[in-house]
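Enquirer: Sequence and predicted structure are below.
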Amino acid sequence: MRRFDGKTRLRGALVAMLLATAPAAAGESDPQDFTQIERGRYLAVASDCISCHTVPGSRQPFAGGRAIETPFGNIVAPNITPDRETGIGAWSDEEFDNAIRRGIRRNGARLYPAMPYTAYTKMSRDDVVAIRTYLNTVTPVRNAVVANTLPFPFNIRTSMRVWNALYFTPGEYKPDAQKSPEWNRGAFLVDGPAHCGACHTPKSFLGGDKTDQYLQGSYLQGWSAPNITDDTRLGLGGWTVDDVVAYLKAGHNRITAATGPMGEEIALSSSHMRDADLKAIATYLKSLPGAQNAPRPLPADNPFMVAGGAIYRDQCSACHGLDGHGVPRLFPSLADSSMVRSDDPTTLIRIVLRGARSVATASDPTAPGMPSYGWQLDDPQVAAVLTYLRNTWGSAAPAVSTQDVSRARSDLASRVD
Amino acid sequence: MRKKGFTDASLRRRELLATTAILLLGISSGRASEIFGELPWAPNAGNPPTPARPGPWLFFTGDEARAVEAIADCIIPPDPQTPGGKDAGCAVFVDRQLAGPYGRQDGLYVRPPFQAGARNQGSQSEAGPAQHYREGLAALDRACKAKYTGKAFAELSDNDKDTVLKGLESGDLKLDGVDGEAFFAQIINDMQTGFFADPIYGGNRDMVGWKMIGYPGARYNYLDWVSRHNEPFPLPPVSLTGRAEWTPRTR
Amino acid sequence: MARRLPKKDVVIVGLGWTGSIMAHELTDEGLDVIAIERGPWRDAPTDFPPSYMQDELRYRVRHELFLRPDQTTFTFRNKMDQTALPIRSWGAFMPPNGVGGGGVHWNAETFRFLPSDFVLRTHLTERYGASFLPDDMTIQDWGVTYNDLEPHYDQFEYLCGTSGTAGNLRGQIQQGGNPFEGPRSRPYPTPAQAQPFSHTLFAKAARELGYKPFPQPSGNLSQAYTNPLGVRLGPCTYCGFCEWFGCGNYSKASPQTTILPVLVRKSNFSARDNSEVTAINLDKSGKHATGVTFVDTSGQEWEQPADLVILSAYTLFNVQLLLLSKIGQPYDPMANTGVIGRNYTHQTTSTVNGFFNNKKFNFNPFIGSGAIGMCIDEFNGDNFDHGPHGFVGGGYVGQVQTGARPIESTLTPPGTPKWGAAWKQAVRDNYLSTVKPGTGVHGSFYSYRDVYLDLDPTYKDRLGRPLMRMTIDFHANEIKQNRFLTDKFAEIIQAMGADHIAKQYRTPPYDITVYQTTHLNGGTVMGADRKTSALNRYLQHWDVPNLFVLGASAFPQNAGYNPTGTVGALAFWAASAIRNQYLKNPGPLVDA
């Protein structure tokens, strides 16, 4: 059985890199073609198919059955192993491509954009056929997945026609001739296979991208994904390209560490990508300008600041340091963290209340954990300490309110992860 | 988050239970689990302490509580700077401890045969602290009533109380059926423990014991003070549930 | 009926320091390894977070991280003609439990033994003559030398990131370090910890008396450090909740903070917690281990077959399991035959407390780490001429106060009443200005014919198995040694400027109710002669070549230092022998 143990196959990767920019012969997947399989494997890693299509803890990759939480209900990801009856073994390459890049299932029904076809459309047909070729080689698993689990009226897939008209622009990635090949590669990856906007671009009430706030952060599944433009206060402005690469590859850099869904993404996807691709992503993201507004920090004598300062000194400083700078590659630097300043404090509140384990990767296996403080701090105290973090050491951000915390606490109470 | 190799049900290893004082037999939720692939983790994991709740006595009867509170104020008398044992909650501390695993001797080896041995072989008593207190306090009151015309310990004058306790300590005052010296040594230990334990356990109320000695409490980072030699540490004590300054003063 | 599991290459009994080191080494060798741990999995963010770990009552007074006597305990007597009675509640030592073992709650004092310690009988006989040693003293040479172990001491120290100042670098004595230590090949991986006030004051007084004080080598790190496995530790923040407690901020070396994050990621490693090994199984020849039997918390028995068995369950449980599994000949002190249970030792400790003028001295004693301290080694081992003194052995002395948690640290000067207004005032006056070193005198405990372990005839554990019986008392040699060291230590405490000092000598009889470190050793000692040792120099069992027994149970006697550094070095030494010799040719590594 092929084990998804995450080793980068360097030899195949090098060959695949050569082929990445040169289109292979258009046409069918060739099960004999090692280079096509390897290229498809790499694209599948970059697209992180395994994450949604595998139940956590299962030793059957791609067998489907994982429930994906959306604002409209849970959607269960299908089985994409080559099993002929319960997987996609019987699908033609054309049908597979229709699904990945146009959001149309084999039976003609529409896919929900939980499957990010709106991003995968940026890939070429050859890219998608390579992925298909690779998927044909994984162990077939007999696992019939019930696909349609959204409540009425969202279970009516024909409504997706309208949604697609509003929010879906099909078409491959078109390079910008004014920009470097590296920038274009980064833009392709970010908007295509890596589908960063799926989490990091805020959504309208219908679940479509708010394109005017491209990659400026969004809420999902009880977490807030941060702004990943080059904004100094809220995004990657304080990070070098190397910092971004280290974060994507190791899950940890000198400033902070990944946890939650991003930790999973790193463990399954970006930590297995080539350094050159990670650098391309970093280059692209840091080319996106941030907003210019810089609020003033709250005054130090604000009651929430005073209380937060006491809590920080007595508790948080144990790991995050008396100066808020943490320990590089062990405890995040709250002073330098753009997540701490995020407009949406969901992730901050969640981490304080429930604790968090940072991701373990081959280069950074320690995976230190933050304990849960939900039992020790009440809502005003959590609000106070977070407000303090956001307005000290040169940072500035709106206060976190007691109601923000109460709301988050009751939302989190029903979550299992 | 993908948890490779973990069986599903064993994930919630340390549920946050608000009310039960979790007896630690040194084991967790009880099922053996296989650890493979990654470090186990679950949200809200851990075993935070269970604070003693104010309210009626959980272990002591009314008479016993009166005696114990009186003893508390003898062992730790009130003075203008620092409350005594009673106001500091030491009797409450002992009450909650006796009502819990400590009183029951949970986890100790309580198997027969019970034989007397040398002092340095440790206590061989089948009875635990809870029973010792029950018997000891009853015997103490009986001894006081016999010696002081019907007055229980709590009814004696302060001088007489001290005399009685000194008698217990020296062995001059014998209690029937109870080793008075050992009993008194245990009470002293439990009272003074309660005076300096974290306030969540019922004693050291408002951290008065810690304030008395200048102990800063449950802090974790003194890096900025290691090399400041011979200077008084300025920060107030903090308990496991914080201190007053943690709550924003919005009014 | 025991259910049989699929066979593994290696089964490791007990996932503490030595189990983790061996698991790491053997998985690197490509072997399929399973570790079976009686206690629970433990980790900082979930089990010792800095949000509630600072709880003296729960962890120090009620011992929450430790084994419960009801799970298993021991019986104790001083002399062979006494009846041993059960240790119903821990006192003299605290047995560990759980993944990480003692490595979770230790002080992290990380010493090396002296070169002479490893060839003790030879060395002392040469210097003082055989008649200088008591007849019933059963010290012996280890079968390995300091030079054999030096690279492995280095391995353990670099695994941990130990903070210290080298005293002897490749033969060159270094300023500020321990001038008596054996030569080390390279400096400590991180610099020594900064010392609080009373510790620097001790060093000053010691220097003025002509001694050479040095910082105690500490596994509570002075700075962030990434070890050779890629695991990262942070700097110790001097919280004062070190020994007895787990570390909340990844700054104390333990299996959790140095090995386990990498170990669990290996596909050829798995562990079972909450599973107690009840027997090591042998085949019909009695010369080959086939694996172990363990029981889960439901009482279900399992059999784990394996080609190689590593017994790393801590000194006492190593011996107990061999006795219960009937592996090796049990020691008979009358006949002086047998080896399992022989040469059992503890540590000879004492202290001197100092009471200072609170208007002149404020020590902020609550600031400390488990291995903070300034020590002198002039009176350790054979570092001084014992001829005039009539005893052998010694130890380091030092101001090694690790904090001042109030339940245990409200000392009052001698003569103060134990309760009442005078007591209260004395506590108020003295807390901040008392020097309370703890194990300020940390002396050796040599081995004797009548100090040993065997099975109790009367008392049983919860599984119906006999408890192990400890027969242990102090001998005149250790009492004299302790008196000498305590008096020397007192001179320095006095010279610090104390108003009163209180010497607390160690006096016989050995008292099971008074804590004296958990440095228990011996019972399955290593050596060159199978008549007086259970293990050969590679910690391989003489009778059962596919069984290795790790831990301080291998020490033929205890030296005047904390044992863990040597325990770790021996584990690496044994792992190296297994990887480079045993696996290529399984069988006895030393001819009997």
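Expert: Great, that's in hand.

Enquirer: tally of neighbours for the closest residue to chain B within the stretch 201-350 of chain A?
Expert: Distances from the stretch 201-350 of chain A to chain B, computed as Cβ to the nearest Cβ, single out A:Ala318 as the nearest residue at 3.6 Å. All C-beta atoms are positioned from the backbone trio N, CA, C, and that covers glycine. Using other Cβ atoms under 10 Å in any protein chain shown, A:Ala318 has 24 neighbouring residues.

Enquirer: Assumed it was part of a helix.
Expert: Yes - membership of A:Ala318 in a helix is supported by DSSP: H, G, I helix; E, B strand; the rest coil.

Enquirer: dump the residue contacts of it.
Expert: Shown in contact with A:Ala318 (Cβ atoms under 8 Å, 6 or more residues apart in numbering or on different chains): B:220-221, C:50, C:237, C:239, C:248-249.

Enquirer: give the contact list for A:Leu285.
Expert: By Cβ under 8 Å, 6+ apart, the residues touching A:Leu285 are A:186, A:190, A:215, A:228-230, A:236, A:244.

Enquirer: On the pLDDT front, check it for me.
Expert: Model confidence at A:Leu285, given as pLDDT, is 98.

Enquirer: ok, now B:Thr7?
Expert: Predicted confidence (pLDDT) for B:Thr7: 34.

Enquirer: Hmm, A:Ala77 and A:Cys52 touching each other?
Expert: Yes - using Cβ atoms under 8 Å, A:Cys52 makes contact with A:Ala77 at a distance of 4.6 Å.

Enquirer: Overlap in contacts, the two.
Expert: Common neighbours of A:Cys52 and A:Ala77 are listed as A:66, A:68, A:114-115 (criterion: Cβ under 8 Å, 6+ apart).

Enquirer: chain center to stretch A:184-191, what's the gap?
Expert: On the basis of Cα atoms, centre = their mean, to the nearest Å, stretch A:184-191 sits 15 Å off its chain's mean C-alpha point.

Enquirer: And the contacts of that stretch?
Expert: By Cβ under 8 Å, 6+ apart, the residues outside stretch A:184-191 that reach it are A:46, A:119, A:122, A:173, A:175-176, A:179, A:196-197, A:215, A:276-277, A:280-285.

Enquirer: Please check those residues and keep the buried ones.
Expert: Buried by 16 or more other Cβ atoms under 10 Å in any protein chain shown: A:46, A:119, A:122, A:173, A:196-197, A:215, A:277, A:280-285, out of the contacts of stretch A:184-191.

Enquirer: Which residue lies nearest the spatial centre of chain A?
Expert: By Cα atoms, centre = their mean, chain A has its centre lying nearest to A:Met262, at 5.0 Å.

Enquirer: Please tell me the pLDDT value assigned to residue 57.
Expert: Chain wasn't specified; assuming chain A. A:Gly57 is assigned a pLDDT of 80 by the prediction.

Enquirer: meant chain C actually
Expert: The model reports C:Leu57 with a pLDDT of 97.

Enquirer: before we move on, what about the one 3 residues further on?
Expert: Reported pLDDT at C:Arg60 in the predicted model: 96.

Enquirer: Report the secondary structure state of the closest residue to it other than its chain neighbours.
Expert: Leaving out its chain neighbours, the residue that sits closest to C:Arg60 by Cβ to Cβ, 6 or more residues apart in numbering or on different chains is C:Trp244, at 4.5 Å. For C:Trp244, the secondary structure call by three-state DSSP comes out as coil.

Enquirer: Tell me how far C:Trp244 lies from C:Gly438.
Expert: Using Cβ to Cβ, to the nearest Å, one gets 12 Å for the distance from C:Trp244 to C:Gly438.

Enquirer: again with B:Ala65
Expert: Distance check for B:Ala65 against C:Gly438: by Cβ to Cβ, it reads 37 Å.

Enquirer: Next, the contact list for the residue nearest to B:Ala185 when sequence neighbours are not counted, please.
Expert: Computed as Cβ to Cβ, 6+ apart, the closest residue to B:Ala185 that is not its neighbour in sequence is B:Glu169, at 7.9 Å. Contacts here follow Cβ under 8 Å, 6+ apart; on that basis B:Glu169 touches B:181, B:184-185, C:418.

Enquirer: before we move on, back to that, show me the two of the contacts of A:Ala318 that sit farthest apart.
Expert: Within the contacts of A:Ala318, B:Asn221 and C:Gly248 form the most distant pair, 10.4 Å apart (Cβ to Cβ).

Enquirer: Pull the number of nearby residues for residue 29.
Expert: No chain in the question, so chain A it is. In terms of burial, A:Ser29 registers 21 neighbours under the definition other Cβ under 10 Å.

Enquirer: Not quite, go with chain C.
Expert: Residue crowding around C:Glu29 was assessed by other Cβ under 10 Å; the count is 16.

Enquirer: any idea how far C:Thr125 is from it?
Expert: Using Cβ to Cβ, C:Glu29 is found at 40 Å from C:Thr125.

Enquirer: and chain C, which residues reach chain A?
Expert: Taking Cβ under 8 Å from any Cβ of the partner chain, the part of chain C that reaches chain A is made up of C:43-46, C:49-52, C:224, C:226, C:229-235, C:237, C:239, C:248-250, C:257, C:261-262, C:265, C:267.

Enquirer: Which of those residues fall in helices?
Expert: Here DSSP state H is the test, and the residues of chain C next to chain A give C:44-46, C:257, C:261-262 as lying in helices.

Enquirer: top of the residues you listed by neighbour count?
Expert: Result: C:Thr257 is most packed of those (other Cβ under 10 Å), 31 neighbours.

Enquirer: quick one on the thing from earlier: between B:Ala65 and C:Gly438, which is the more surrounded one?
Expert: Remark: of B:Ala65 and C:Gly438, C:Gly438 carries more neighbours, 24 against 19, as counted by other Cβ under 10 Å.

Enquirer: shouldn't the more buried one be in contact with C:Gly403?
Expert: No - here C:Gly438 lies out of contact with C:Gly403, judged by Cβ under 8 Å, at a distance of 9.2 Å.

Enquirer: Tell me who's in contact with the nearest residue in space to the residue nearest to the centre of chain A that is not next to it in sequence.
Expert: Beyond its immediate neighbours in the sequence, the residue positioned closest to A:Met262 (Cβ to Cβ, 6+ apart) is A:Ala225, lying 7.3 Å away. Taking Cβ under 8 Å, 6+ apart, we find A:Ala225 in contact with A:199-200, A:217-219, A:261-262, A:347.

Enquirer: what do you get for A:Arg409?
Expert: A:349, A:353, A:374, A:379.

Enquirer: switch to 10 Å and redo it
Expert: A:Arg409 sits next to A:349-350, A:353-354, A:374, A:378-379, A:382 when contact means Cβ atoms under 10 Å, 6 or more residues apart in numbering or on different chains.

Enquirer: I believe it is in a strand; please confirm or correct that.
Expert: No - per three-state DSSP, A:Arg409 lies outside any strand segment and is helix.
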